[in-house]
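Q: using only what follows, build the 3D model:
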Amino acid sequence: MEIARIEDIELEKYITEIMLDIGIPAHLKGYHYLRDSIFMSSKDMEMAGSVTKLLYPVVAKHFRTTDQKVERAIRNAIEVSWDRGNTVTFEKLFGYSSAMGRPRPTNSEYIARIADKVRLDIKAM
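A: From the prediction side, this is the model:
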């Protein structure tokens, strides 16, 4: 099934499930920025390839904030989930986790990997 055929609300629900499974706290601003970033990147992988030039400005405009605040909030959400999140899920998604002593993934790596998982899972449906 093509990702374009999936209703936006269903896609957003699926992304939310993944994020909660990873352990990103929903009360963080970065949670909402990250969800939008993954959503847009899953529809257009070019966005994940250019987070600072394409993705952050679009998310910032949507939330009426700055690119820098979006980047920092996403980084914070990733750090929190990396330190406190579900290590088993991280190992499935990234092949490693904080329990292995590895550093956290970068914002763009994190967004691209989850967006790619969403695209592959939707195609498998």
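Q: pLDDT of the helix or strand encompassing residue 81, averaged?
A: Using DSSP states H and E, residue 81 falls within helix 67-84. The average pLDDT within helix 67-84 is 95.
Q: other SSEs contacting it?
A: Counting contacts by 3 or more Cβ pairs under 8 Å, 6 or more residues apart in numbering; DSSP states H and E, helix 67-84 is packed against helix 29-43, helix 56-63, helix 107-124. Using the backbone N, CA and C atoms, a C-beta is placed for each residue, glycine as well.
Q: go again using 10 Å as the cut-off
A: Judged by 3 or more Cβ pairs under 10 Å, 6 or more residues apart in numbering; DSSP states H and E, helix 67-84 is in contact with helix 8-22, helix 29-43, helix 56-63, helix 87-94, helix 107-124.
Q: what distance separates the longest one from the centre of its chain?
A: With Cα atoms, centre = their mean, to the nearest Å as the basis, the distance from the averaged C-alpha position of helix 107-124 to the chain average is 8 Å.
Q: list the buried residues for it?
A: Residues of helix 107-124 classed as buried: 107-108, 110-119, 122 (neighbour count, 16 or more other Cβ atoms under 10 Å).
Q: doesn't residue 88 make contact with residue 98?
A: No. Contact between residue 98 and residue 88 fails when scored by Cβ atoms under 10 Å: they sit 11.8 Å apart.
Q: what about the residue nearest to residue 86 when sequence neighbours are not counted, neighbour count?
A: Leaving aside its chain neighbours, residue 86 sits nearest to residue 23 (5.1 Å; criterion: Cβ to Cβ, 6 or more residues apart in numbering). Neighbourhood size, residue 23 [other Cβ atoms under 10 Å]: 16.
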